[in-house]
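Engineer: Here you go, sequence then predicted model.
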Amino acid sequence: MNSKICEMLGIEFPLLAFSHCRDVVAAVSKAGGMGVFGAVNLPPDRLKEELDWIDSNVDGMPYGIDLIVPNKFEGKGEKITTEQLVKAIPQGHRDFTKEILSNHDIETDDLVDLKDGAAQFRMNLSDEGAATSLEVAFQYPIKLVANALGVPPKVMLEMGKKHNVAVAALVGAKEHAVKQVEAGVDILIASGGEAGGHCGDVSTMVLIPEVYRAIKPIKDVPILAAGGITTGSQMAAAMSMGASGAWCGSVWLTTSEAETNPIVKEKMLLASSRDTVRSRSRTGKHSRQLRSPWTDAWEEKGPEPLPMPLQSLVSEPALKKIDKLSQSGHKGAKDLATYWVGQGVGLMDQPMSAGAVVQDFKKDFAEAFERLNHFFE
């Protein structure tokens, strides 16, 4: 396909799949798109294990990795110990989390100690942690490395240039896009407020042309459209507004390869586009997730969410327990179960393989293109 993204990454179809599941990454790359492995929270040995598997199962097709190295988080640039990080979490936030679980008949005595996650969170979100992960990643023939929050750290940009690997960054506003281009990123991922996970508040329909116009006078940097995109026709619409392809995350969550909790998969397949909420209650930054009594409790009567990474230290131990119990049939946990997903969930109404999703995108894209051509006949 005649797209800057295809030319830059050596792929057939400019559809990139962000996924924490290595099976999805491999399946999409083999189907003509490009899988991008979400490597956040993985220590170096686990990252190597995952990339070993991906590299052995993509049949030589291109793939990439995604990291989260935010420009701002609690204690960034300071010498703060794990103990100090844990002490910064108010008791009220811990108590509120336990209250939600207790109200749904879930024991709280065995919640994971916050110290267990604090050190790993801090390392993974830091520039030093990014450098360690990148040293592992660049041992493999990756074609893309993306940073999900803010301008990529200097080490990421430098190592990308050194290894001839494209560096991408997510943006949610045109002014952020300008800063990214000026910093030297190779690809912009313009993510609208409909997106699952971390997102801004500008809709994809507005954001894509805004970013395209803002960066055009500065540099010709290809744009990947993201946010609520689950069909080829949406991808075609975004490309008509200046994007060179699409970056999708949510649509892979209900595929047969995805490691998504089966209870959450079922919820997603039944959900409408209004069954998500954009909230700071999971990570401390706005992220869109499937609505449940867990998210409702935080939005309606919860304490003010803490800055990243403190809020994650509060929420993740509880959510991991909810996830595990829900799969064993615990009713309260099944009600509370949630995960990140975008408003495009309303279009995700049947289970499919990841490869079939790629083929559906191609078919739907072609049909949308034909519909547009019809207007010129």
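Structural biologist: Yes, it's here.

Engineer: residues near residue 174, how many?
Structural biologist: Residue crowding around residue 174 was assessed by other Cβ atoms under 10 Å; the count is 18. For glycine as for every other residue, the C-beta is placed from the backbone atoms N, C-alpha and C.

Engineer: Look at it and report its pLDDT.
Structural biologist: With respect to pLDDT, residue 174 scores 96.

Engineer: One more: residue 41?
Structural biologist: 74.

Engineer: How about the backbone phi and psi for it?
Structural biologist: phi 70, psi 0 (degrees, to the nearest 10).

Engineer: now it: how far from residue 351?
Structural biologist: In this view, residue 41 and residue 351 are 27 Å apart by Cβ to Cβ, to the nearest Å.

Engineer: Break down the stretch 201-350 of the chain into its strands, ranges please.
Structural biologist: Here the stretch 201-350 of the chain has its strands, by DSSP state E, counting those that start in this stretch, at 223-226, 245-248, 276-279, 287-290.

Engineer: With respect to residue 366, which of these lies nearest?
Structural biologist: Of all the strands of the stretch 201-350 of the chain, strand 245-248 sits nearest to residue 366, with 14.5 Å by Cβ to Cβ.

Engineer: which residues sit against the closest one?
Structural biologist: 3, 5-6, 14-18, 36, 189, 191, 222, 224-226, 229-230, 234-235, 238-239, 361 (Cβ atoms under 8 Å, 6 or more residues apart in numbering).

Engineer: same check, this time on stretch 53-62
Structural biologist: Residues contacting stretch 53-62 (Cβ under 8 Å, 6+ apart): 9-11, 22, 25-26, 29-30, 34-35, 37, 63, 140-141, 143-144.

Engineer: do the same with stretch 256-264
Structural biologist: By Cβ under 8 Å, 6+ apart, stretch 256-264 touches 19-21, 23-24, 27, 252-254, 265, 268, 290, 323, 326-327, 334, 337-339, 351-354.

Engineer: Am I right that residue 159 is in contact with residue 136?
Structural biologist: No. Between residue 159 and residue 136 there is no contact, the gap being 11.4 Å when judged by Cβ atoms under 8 Å.

Engineer: circling back to that earlier point, among the contacts of strand 245-248, which are in helices?
Structural biologist: Counted as lying in helices by DSSP state H, out of the contacts of strand 245-248, are 5-6, 234-235, 238-239, 361.

Engineer: Name the helix or strand for residue 372, please.
Structural biologist: Take DSSP states H and E as the rule and residue 372 turns out to sit in helix 354-374.

Engineer: What residues of that helix count as buried?
Structural biologist: 354-355, 357-358, 361-362, 364-365, 368 (16 or more other Cβ atoms under 10 Å).

Engineer: and residue 86, that's in a strand?
Structural biologist: No. Judged by DSSP: H, G, I helix; E, B strand; the rest coil, residue 86 forms no part of a strand; its state is helix.

Engineer: In contact with residue 195: list those residues for me.
Structural biologist: By Cβ under 8 Å, 6+ apart, the neighbours of residue 195 are 204, 226-228, 249-250, 288, 342.

Engineer: count of residues packed around the closest residue to residue 298 other than its chain neighbours?
Structural biologist: Computed as Cβ to Cβ, 6 or more residues apart in numbering, the closest residue to residue 298 that is not its neighbour in sequence is residue 281, at 3.6 Å. The number of residues packed near residue 281 is 23, by other Cβ under 10 Å.

Engineer: Likewise for residue 176?
Structural biologist: 19.

Engineer: shift numbering so it begins at 12
Structural biologist: Right, with 12 as the first residue, what we last looked at is residue 187.

Engineer: quick one: it is in a helix?
Structural biologist: Yes. Counting by three-state DSSP, residue 187 is part of a helix.

Engineer: quick one: it from residue 328, how far?
Structural biologist: Distance, residue 187 to residue 328, using Cβ to Cβ: 32 Å.

Engineer: Check residue 166 too.
Structural biologist: On the measure of Cβ to Cβ, residue 166 and residue 328 end up 30 Å apart.

Engineer: Compare those two (neighbour count), which wins?
Structural biologist: Neighbour count, other Cβ under 10 Å: between residue 166 and residue 328, residue 328 has more, with 20 against 16.

Engineer: just checking, that one touches residue 121?
Structural biologist: No. Residue 328 sits out of contact with residue 121 when judged by Cβ under 8 Å, with a separation of 9.8 Å.

Engineer: Quickly list what's touching both of these two.
Structural biologist: Counting by Cβ under 8 Å, 6+ apart, nothing touches both residue 328 and residue 121.
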